[in-house]
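Here is my input, please return the structure:
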Amino acid sequence: MNIKYKINSGITPEELANVFMLSGIKRPYNDLSRLKKMIDNSDVIVEAWVEQELIGIARSITDYSYCAYLSDLAVKQPFQGKGIGKELLKITKTQFGKQVAIILLSSPGAMEFYPLQGYEKVENGFRIPREI
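Numbering: from 1, shown residues only. Got it, this is the predicted structure:
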């Protein structure tokens, strides 16, 4: 399997919806206008492709100086467990440099994945959840 990684290549809301739907991640994959806003307002989207098929993404928002929020890491289920998520995270980190902290909220099922990739669990966070 030949996987090609790209950065900010201009994915479509339909491609993103397909990744979200087939990855198992809980995202509004049926709301294409909202997905378009998610794409348009992202700073870095690292993508994994097999031929013409988008199979995974890591989507971040950052100031490139102090912090970055990794909002989404999603890989289609048939491609999970092959190191694609790990590589998406690695490439994402190279986009920010050593001065930038990467922050994320993990799904319960991925709590053991992130420490294996060098992420440290933090206990001092807060959030106001989205309403819809």
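
So residue 89, which state does it fall into?
helix (DSSP: H, G, I helix; E, B strand; the rest coil).

What distance do you get for it to residue 119?
With distances taken as CB to CB, to the nearest Å, residue 89 is found 8 Å from residue 119. (C-beta placed from N, C-alpha, C; glycine too.)

So for these two, which residue has more residues nearby?
residue 89 (20 against 15; other CB atoms under 10 Å).

Enumerate every residue touching residue 96.
44, 60, 62, 64, 68, 102 (CB atoms under 8 Å, 6 or more residues apart in numbering).

go on, residue 109?
Residue 109 touches residue 24, counting by CB under 8 Å, 6+ apart.

Equivalent analysis for residue 70, please.
Residue 70 neighbours (CB under 8 Å, 6+ apart): 58, 59, 60, 89, 92, 102, 103, 104.

could you redo the last one with a cut-off of 6 Å?
Contacts for residue 70 (CB atoms under 6 Å, 6 or more residues apart in numbering) come out as 60, 102, 104.

Tell me the secondary structure of it, please.
Applying three-state DSSP: residue 70 is strand.

And the helix or strand bottoming out on mean pLDDT in the chain, what's buried?
Lowest mean confidence among the helices and strands of the chain (mean pLDDT, DSSP states H and E): helix 113-116, at a mean of 93. Across helix 113-116, burial judged by 16 or more other CB atoms under 10 Å covers residue 114.

All further residue positions should be reported with the first residue as 23.
Sure, I'll start numbering at 23, so the last one becomes helix 135-138.

nearest to residue 97, of the contacts of residue 118?
Using CB to CB, residue 82 comes nearest to residue 97 of the contacts of residue 118, at 15.7 Å.

in what helix or strand does the closest one lie?
Assigned by DSSP states H and E, residue 82 belongs to strand 75-84.

hmm, back to that, out of the contacts of residue 92, flag the one nearest to residue 147.
The closest of the contacts of residue 92, once distances to residue 147 are taken by CB to CB, is residue 126, at 10.2 Å.
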